[in-house]
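Asker: this one's structure only:
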């Protein structure tokens, strides 16, 4: 009986490919564009730009831990993709970014006003889709409470990120708080919402939230590492971008902490230069060398591992047969497989 | 017994002053500003700018039709004020407006990025406050569904308003749809939400929605009239602003319909002039004269009366003792008492 039971479970446990396929079909069936088309066309445009679809995949994988049929979670998965893309549109305006995924950003392709208004509409649509998930108003309420807290935290994270540009006394704990709010809580909420729709226990839902939050921090630290030490052929963005923009990443903050007086002054000197294309290459290589001399590569890997282990503890605490956990665990591990 | 009952009702029926006082106390008790303060300070700033507080007052007056104690409706009232002010912040960026209620707009006082992000946070906070209204998840769900539809319609209305600036074939029905979406549905939703919190019947809630929607259209037409024919001493904004901005208001669209060939050409000629301060006064007086010659003042009053009468029919259909209706009816009538 046990063998049959396990066999039964794994046959309903979906691979990432199967999950992505369902998401793709659902998104395509939504016919976002209607009158006034100037409002809805930009929403369709950014959704079509692609990307990893990380957040909806997390909703569905978390849901599939508890339910064989992930169909009921599809509107929530789509809602989180809408929300994430709303933040991208507004962040791109704030950053004055011309490109997103190699294509013109919404405000570049349409106009700034379009970017603001279509972004607003996407945020409202995210709520709309979350409300389509369940007839059960208790479930809807739970989902909305998780989403609401997360959404305001993402705004707070963005504000801290903006604030940090002007500050010279940012601490490492403050930086971790910022990336947690700006990036990790949305991954965490995606997983928790997927679990709630799957009628998980409260403790399983909370463990998935903590798993997502900590894996998100590790993931962002990985991104910081790749931005400086990544393989240019594999990294999607330009390597060294954070250094050119004087971004106060973990690498920079930890380096200030560990550096000798001389290294510290050199680093501060380089970071006082505002963006010019002239000395870009020499700035990047000089700062990289200071980071390496201060052993920042290993320090960052160590703290990344610290958050990854916390994530794993929460993952292991899930009261779900291990066969069901495979897809999500494989997915999480693959996120870290990019070369540094 | 009946006399006592009626006396009892009217003693619990609150005046606008009492309602405003409770709203004021609630809003002041909320301590919106917390870390990161750069995100929350602009929210507090715009809320402190004042204004008529029309939408929260409508929530509370509708609620008081059905319940003596309006305390449970206060978070919803505050939510609608948050939402309305979110639209003001983002609209002011889109319109490049320097002033709001005689004070610098949020993007002028802080920055455009602050305006975008603090606006986003206000929209999310509006949802947050709506979810604080009731422990009963069915009620919360009903409120959120009304709010969601309204919120997306307000975005659609704003988009139509932007679209109309570029179009020369806007029809009167299209204009009515635009002002309905941009202005009236929020007044309608405010009333319906207040009723739902008061546990009204479905039909009372719907009648209040229709009352609000139609009174909102009449109210916007009144605003169009005042913008051109208002008493400069009493009208808050500069009289003639719509004419200077070539706004395709009801006055303009109806005039095009009624004008002779010559009047029509004259009007189109004036409206082809883009904003210059030089000939402002002569443009305003010339256009006003064409409007008067085409009897637009009376046409506008007639259509305004048409929507006002529809509103009244829905108001009269409410299954509420007439004593309870006094505050709301007086309030609605006072909105129309401004001189033209």
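Answerer: Right, received. Where do you want to start? This one's a predicted model, so the numbers in the text were calculated from it and none came from an experiment.

Asker: what's the strand or helix carrying residue A:281 in contact with?
Answerer: Per DSSP states H and E, residue A:281 falls inside helix A:280-293. With contacts defined as C-beta atoms under 8 Å, 6 or more residues apart in numbering or on different chains, helix A:280-293 is touched by A:228-229, A:239-240, A:243-244, A:251, A:255, A:259, A:263, A:266-267, A:270-271, A:273, A:297. Using the backbone N, CA and C atoms, a C-beta is placed for each residue, glycine as well.

Asker: what do you get if the cut-off is 10 Å, keeping everything else the same?
Answerer: Residues from elsewhere that reach helix A:280-293, judged by C-beta atoms under 10 Å, 6 or more residues apart in numbering or on different chains: A:225, A:228-229, A:238-244, A:246, A:251-252, A:254-255, A:258-260, A:262-264, A:266-267, A:269-271, A:273, A:275-276, A:279, A:296-300.

Asker: swap in stretch A:16-26?
Answerer: A:14-15, A:53, A:56-61, A:63-64, A:69-71, A:73-75, A:77-78, A:81, A:327-328, A:330-331, A:334.

Asker: any buried residues in it, and which?
Answerer: Buried residues in stretch A:16-26, defined by neighbour count with 16 or more other C-beta atoms under 10 Å in any protein chain shown: A:19, A:22, A:23, A:26.

Asker: please apply the same query to stretch A:322-334.
Answerer: Neighbour counts using 16+ other C-beta under 10 Å place A:324, A:325, A:327, A:328, A:331, A:332 of stretch A:322-334 among the buried residues.

Asker: doesn't the fourth one belong to a strand?
Answerer: So that's residue A:328. No: judged by DSSP: H, G, I helix; E, B strand; the rest coil, residue A:328 forms no part of a strand; its state is helix.

Asker: got a pLDDT number for it?
Answerer: Note for residue A:328: predicted pLDDT of 93.

Asker: and what of the fifth one?
Answerer: For residue A:331, the pLDDT comes out at 85.

Asker: can you check the first one too?
Answerer: Per-residue pLDDT puts residue A:324 at 92.

Asker: returning to what we had before: make a ChimeraX selection of whichever of the contacts of stretch A:16-26 turn out to be buried.
Answerer: To isolate the buried members of these in ChimeraX, using 16+ other C-beta under 10 Å:
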select /A:14,53,56,57,58,59,60,61,63,64,70,73,74,75,77,78,81,327,328,331
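
Asker: tell me which parts of the stretch 201-340 of chain A are close to chain B?
Answerer: Neighbours of chain B within the stretch 201-340 of chain A, by C-beta under 10 Å from any C-beta of the partner chain: none found.

Asker: return the set of buried residues in the helix or strand where residue A:85 lies.
Answerer: Using DSSP H and E, the element containing residue A:85 is helix A:74-95. Buried positions in helix A:74-95, judged by neighbour count with 16+ other C-beta under 10 Å: A:74-94.

Asker: restrict those residues to contacts with chain B.
Answerer: Counting by C-beta under 10 Å from any C-beta, A:86, A:87, A:89, A:90, A:91, A:93, A:94 from the buried residues of helix A:74-95 sit close to chain B.

Asker: now the one helix or strand residue A:20 maps to and helix A:74-95, what's the angle there?
Answerer: Per DSSP H and E: residue A:20 is located in helix A:16-28. Angle of helix A:16-28 versus helix A:74-95, following axes from the mean of the first three to the mean of the last three C-alpha atoms, to 10 degrees, is 80 degrees.

Asker: for helix A:16-28, give the mean pLDDT please.
Answerer: The pLDDT scores in helix A:16-28 average 91.

Asker: for the following helix or strand past that helix, name the packing helices and strands.
Answerer: Downstream of helix A:16-28, the first helix or strand assigned by DSSP H and E is helix A:37-48. Here helix A:37-48 touches helix A:16-28, helix A:74-95, strand A:103-104, helix A:106-109, helix A:112-130, helix B:137-166, going by 3 or more C-beta pairs under 10 Å, 6 or more residues apart in numbering or on different chains; DSSP states H and E.

Asker: got the contact list for the residue lying closest to residue A:79 once chain neighbours are set aside?
Answerer: Spatial nearest neighbour of residue A:79, chain neighbours left out: residue A:129 (3.7 Å); criterion: C-beta to C-beta, 6 or more residues apart in numbering or on different chains. Residues in contact with residue A:129, defined by C-beta under 10 Å, 6+ apart, are A:30, A:74, A:75, A:76, A:77, A:78, A:79, A:80, A:81, A:82, A:83, B:148.

Asker: what do you get if the cut-off is 8 Å, keeping everything else the same?
Answerer: A:75, A:76, A:78, A:79, A:82.

Asker: so the third one is in contact with residue A:56, correct?
Answerer: Right, the one you point to is residue A:78. Yes: using C-beta atoms under 8 Å, residue A:78 is in contact with residue A:56, at 6.4 Å.

Asker: neighbours of the closest residue to residue A:50 other than its chain neighbours, just the number please.
Answerer: In space, and not counting its chain neighbours, residue A:50 is closest to residue A:101: 6.0 Å by C-beta to C-beta, 6+ apart. By other C-beta atoms under 10 Å in any protein chain shown, the residues close to residue A:101 number 11.

Asker: swap in residue A:256?
Answerer: Residue A:256: 18 neighbours (other C-beta under 10 Å).

Asker: now do the one 4 residues further on
Answerer: Per other C-beta under 10 Å, the neighbour tally for residue A:260 reads 11.

Asker: quick check: the farthest pair among the buried residues of stretch A:322-334?
Answerer: Using C-beta to C-beta, the pair of those lying farthest apart is A:324 and A:332, separated by 14.3 Å.

Asker: ok, back up a step: and the ones next to chain B among the buried residues of helix A:74-95, which is closest to chain B?
Answerer: residue A:94 (4.4 Å; C-beta to the nearest C-beta).

Asker: who's in contact with the closest one?
Answerer: Residues near residue A:94 by C-beta under 8 Å, 6+ apart: A:158, A:162, B:113, B:116, B:117.
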